[in-house]
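[1] sharing a sequence plus its predicted fold:
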Amino acid sequence: MLASKFRLYPNKEQEEKLEFALDTCRQAYNMMLGELNNQIVIDKAQIQAMLPNMKICEPRFREVYSKTLQYECYRLFSNLSALRVLKGNHKKVGRLRFKGKGWFKTINYNQSGFSLENNKLHLSKIGDIKIKVHREVNGKIKQIQIKKEIDKWYAIIITDEKKQIVCGKKVIGIDLGINHYLVDSEGNKIKNPKILERNLQKLKHLQKDLSRKKKGSNNRKKARIKLQKFHLKIYNQRDDFLHKITTNLVKECKIIVMEDLNIKQMSQQKYFNAKNMMDASWNKFAQLLDFKAESAGCQIVRVNPRNTSKTCSKCGNIQDMPLHKRTYECAECSFVIDRDYNSAINILNKLAGQELSCVERFPNTPLEQGNSMKQEALT
């Protein structure tokens, strides 16, 4: 499956229909959730059978394509399954909540009710919408998801096309950091863009501007939209950076060795630069790298992070290395090397068997969810 995202340009009438369909799907979800809460024994078939009755009692449900309403039942039970998995992992979870106005962002056309031709996307009960197809859509279209982002509309087209990246031949170790986003065992460094820091002043200005507006006024609504757009811009900049470096790594390497970091534990430490660590988004980097490596046949190996920064990559001596020391100077062999470069070499050496406490995780294993942070490994 391959998903491609395209910009939609609906006219005023079509936008009103999209907004109506979005809100009707929200109401259908809430009604099915209400029925689910009333059931002593969960009966999915009974909840699905509500849709024909809803169309009889409420005419507005007949104005929305039936497949999109049926998808809300699937969404409801998918959310329920997600809560069950979290509870099984000993996470604190509550109940499914009713969705207020503005909380729904997507409409799903599954299997039918759509067609794409001559830069026009036909959606049943809505019409032909202009679409900017900036890349060729290959394969059979299986599903289309219509998504609203602030004041813009997008179509996410899912096809059965299989696109595979070809991995390279390198075997490298990588160390993730703050001063440099990534340093590998060959000495290559990728500069950390520090996207949040670069945009922080304007972000503060927009947030202050919003706080000064009267609640419920049109000016406050305009200020909120400006702030949302700027947050989206920061997100897109970070996303673009992560996609580029992960794609390049997979294209160049057949084995990538990195630390098996306990992100949740690291996020609870108080003596690290949390703002820049969150901005680095290491968890998403790892998720993208795993996903792309799996499709390319590249192997991701995670090793125990213990003492990777404290060990001399030449003689194996271990010494204390406070975070402010960025150059490793070995007290035994007088070897001098950049701290992150030394760590990357040690990470690669652990793959060669110099460290027995090695953890290997293959790309198709799901990552632990947590805050995107990086620190030197706790010993």
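    All right, it came through fine. Numbers count the residues shown, from 1 in each chain.

[2] let me see the domain layout of the protein.
    2-159, 170-354 (automatic domain parsing).

[3] and the lengthiest helix in the chain, what does it pack onto?
    When the chain is parsed with DSSP state H, its longest helix is helix 218-252. In terms of contacts (3 or more CB pairs under 8 Å, 6 or more residues apart in numbering; DSSP states H and E), helix 218-252 is packed against helix 195-211, helix 282-296. Where C-beta positions appear, they are placed from N, C-alpha and C, glycine not excepted.

[4] give me the mean pLDDT for the shortest one.
    Rounded to a whole number, the mean pLDDT of helix 282-296 is 91.

[5] export that helix as PDB, just CAs?
    The C-alpha coordinates for helix 282-296 follow below in PDB (Å, rounded to 0.1, in the frame of the first residue of the first chain):
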ATOM      1  CA  TRP A 282      14.300  11.100  18.200                       C
ATOM      2  CA  ASN A 283      11.300   8.700  18.600                       C
ATOM      3  CA  LYS A 284       9.900   9.700  15.200                       C
ATOM      4  CA  PHE A 285      13.300   9.400  13.600                       C
ATOM      5  CA  ALA A 286      13.500   5.800  14.900                       C
ATOM      6  CA  GLN A 287      10.000   5.000  13.700                       C
ATOM      7  CA  LEU A 288      10.700   6.400  10.200                       C
ATOM      8  CA  LEU A 289      14.000   4.600  10.000                       C
ATOM      9  CA  ASP A 290      12.500   1.300  11.000                       C
ATOM     10  CA  PHE A 291       9.600   1.700   8.500                       C
ATOM     11  CA  LYS A 292      11.900   2.500   5.500                       C
ATOM     12  CA  ALA A 293      14.500  -0.100   6.400                       C
ATOM     13  CA  GLU A 294      11.900  -2.800   6.500                       C
ATOM     14  CA  SER A 295      10.700  -2.000   2.900                       C
ATOM     15  CA  ALA A 296      14.300  -1.700   1.600                       C
END
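
[6] give me the buried positions along stretch 6-13.
    Neighbour counts over stretch 6-13 (16 or more other CB atoms under 10 Å) mark 6, 8, 10 as buried.

[7] hmm, back to that, most packed of the domains of the chain?
    domain 170-354 (a mean of 17; mean count of other CB atoms under 10 Å).

[8] chain center to it, what's the gap?
    15 Å (CA atoms, centre = their mean, to the nearest Å).

[9] circling back to that earlier point, ok, and what's touching the helix or strand that comes right after the longest helix of the chain?
    Following helix 218-252 in sequence order, the next helix or strand is strand 253-259 (DSSP states H and E). Contacts with strand 253-259, where a contact means CB atoms under 8 Å, 6 or more residues apart in numbering, come from 167-176, 249-250, 286, 289, 293, 297-305, 308, 347-348, 350-351, 377.

[10] thinking again about what came up before, out of the helices and strands packed on helix 218-252, which gets nearest to residue 83?
    Closest to residue 83 of the helices and strands packed on helix 218-252 is helix 282-296 (CB to CB; 21.0 Å).

[11] quick one, strands of the chain?
    2-9, 106-110, 114-117, 120-123, 127-132, 141-149, 152-159, 170-176, 180-184, 189-191, 253-259, 299-303, 327-329, 336-338 (DSSP state E).

[12] mind listing the strands the longest one pairs with, and their directions?
    In the sheet, strand 141-149 lines up against strand 106-110 (antiparallel), strand 152-159 (antiparallel) (DSSP bridges).

[13] okay, these in JSON lines with distance to residue 199 and mean pLDDT next?
    Shown next, in JSON lines, are these (distance: least, CB to CB, whole Å; pLDDT from 0 to 100):
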{"stretch": "strand 106-110", "distance to residue 199": "27", "mean pLDDT": "93"}
{"stretch": "strand 152-159", "distance to residue 199": "20", "mean pLDDT": "95"}
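
[14] any chance of these in TSV, with distance to residue 134 too?
    Putting the strands paired with strand 141-149 into TSV (distance: least, CB to CB, whole Å) gives the following:
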stretch	distance to residue 134
strand 106-110	21
strand 152-159	12
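
[15] looking at those strands, which is nearest to residue 201?
    Nearest to residue 201 among the strands paired with strand 141-149 is strand 152-159; the distance by CB to CB comes to 25.4 Å.

[16] just how off-centre is that closest one within its chain?
    17 Å.

[17] then stretch 141-150?
    Worked out by CA atoms, centre = their mean, stretch 141-150 lies 17 Å from the chain centre.

[18] so which residue is smack in the middle of the protein?
    residue 284 (5.9 Å; CA atoms, centre = their mean).

[19] can you list contacts of stretch 30-40?
    42, 46-47, 50, 54, 72-73, 76, 80, 95-96, 98-99.

[20] many thanks, I have nothing further to ask.
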